[in-house]
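J.: sequence and computational prediction follow.
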Amino acid sequence: LDADNYETDPCLKEIREAENYSWMDIITIQKDKLPNYEEKIKTFYEEHLHLDDEIRYILDGSGYFDVRDKDDKWIRIFMEKGDMITLPAGIYHRFTLDENNYVKAMRLFVGEPVWTAYNRPADDFPARKQYMKFLAEEAQ
């Protein structure tokens, strides 16, 4: 993906159309740009899940998504300019900045955005149960 030209990037347009990502915004996570920066950083780093997929496209800067593997161990994923990630609904995860303390990311959604994060434990949600079923089927 061409993060420098995301507004006109045909590859991004193709992904958005194929996956029905009809809504997007851009968030800049930086001390002087994000209101309530310290509080937000702590919230992002709390282990949580969402009931919808979380799609992030890094336009500038870098950071880490931590996700749980099938054995409930952390996997750290370094994300930098040009990277896109889709975290499935029901996966426990968290986000943190790296030493540069800056990332600019596009947030994509199917339909209207839902920002609700459910901190662990949140195992009774249907999205979590569906995700665990998917993991069990993949292991077979």
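T.: Great, that's in hand.

J.: what packs against the helix or strand bottoming out on mean pLDDT in the chain?
T.: Sorting the helices and strands of the chain by mean pLDDT, DSSP states H and E puts helix 126-139 at the bottom, at a mean of 95. Of the remaining helices and strands, none touches helix 126-139 by 3 or more C-beta pairs under 8 Å, 6 or more residues apart in numbering; DSSP states H and E. For every residue, glycine as well, the C-beta is placed using N, CA and C.

J.: let's have the chain start at 45 instead
T.: In the new numbering, first residue 45, that becomes helix 170-183.

J.: tell me where this protein has strands.
T.: Here the chain has its strands, by DSSP state E, at 67-73, 92-93, 98-112, 118-124, 128-131, 137-141, 147-153, 162-163.

J.: so which of those gets nearest residue 181?
T.: Using C-beta to C-beta as the measure, strand 98-112 is the one of the strands of the chain that comes nearest residue 181, at 17.1 Å.
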